[in-house]
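Trainee: Quick one: sequence plus predicted model below, questions after.
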Amino acid sequence: MQTLYQRIGGQEVIEKTVDRFYEHVLADPLMQPFFANTSMDKLRTMQMEFFTIALDGPDTGTTISLYASHQGRGIERQHLTRFTEHLLATLREIGMNESDVSAVIARIATYSDQILGESTIDG
C-alpha cells in the first residue's frame, strides 16, 4: 500500500507544490508580512521537509518543531485559514485529484494546534 507521499507523486510534486504555493502566499497582502524578513530558500526547504514528513515520505533526518517555529509570530486562525485556502488552490492548480487533495488538507490540518500555539506537543 502506498503512502500519501507516494500516491501524490513524491518529492517532485512536493517541490512543485511548495514553489507554486509560495507564489500565492507572497502575493497575498494578509500573508506577506509573515515573510518580510525570512529566507525564502530556507523556508522552502523546511516546508518541503514538513510536507515529506506529514505525508509519510522518507525520513529526512530533520526534527521540526512547529510550535517553536511559529511561536510569537502573531499567527491567528484567520492566517491559518488563508494558508489552507492557498494550499487547497495550489493542489488543485497542479492537477491533484480531489481525493488526494482532501487527504493532504486533512493531514496538514492535524498540525494546526502546534502552529497556532494551542499545543506544545510536536508529532
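Mentor: Looks like it arrived, so ask away. Numbering: from 1, shown residues only.

Trainee: Let me know the helix or strand that the residue lying closest to M40 once chain neighbours are set aside is in.
Mentor: Distances taken as C-beta to C-beta, 6 or more residues apart in numbering place Y22 nearest to M40, at 6.7 Å, with adjacent residues excluded. For the C-beta atoms, the positions are set from N, CA and C on the backbone; glycine is no exception. Using DSSP states H and E, Y22 sits within helix 10-26.

Trainee: Which is the succeeding secondary structure element to that helix?
Mentor: Next along the chain from helix 10-26, counting by DSSP H and E, comes helix 40-54.

Trainee: what comes up buried for that next one?
Mentor: For helix 40-54, a neighbour-count test (16 or more other C-beta atoms under 10 Å) marks 43, 47-54 as buried.

Trainee: Give the other helices and strands that it contacts.
Mentor: Secondary-structure packing of helix 40-54 (3 or more C-beta pairs under 8 Å, 6 or more residues apart in numbering; DSSP states H and E): helix 10-26, helix 98-109.

Trainee: Kindly recompute the last result at 6 Å.
Mentor: Counting contacts by 3 or more C-beta pairs under 6 Å, 6 or more residues apart in numbering; DSSP states H and E, helix 40-54 packs against helix 10-26.

Trainee: So what's the gap between the helix it packs on and the chain middle?
Mentor: Computed by C-alpha atoms, centre = their mean, to the nearest Å, the separation of helix 10-26 from the middle of its chain amounts to 9 Å.

Trainee: residues in contact with that helix?
Mentor: Contacting residues not belonging to helix 10-26 are listed as 31, 44, 47-48, 51, 86-87, 90, 94 [C-beta atoms under 6 Å, 6 or more residues apart in numbering].

Trainee: Many thanks, I have nothing further to ask.
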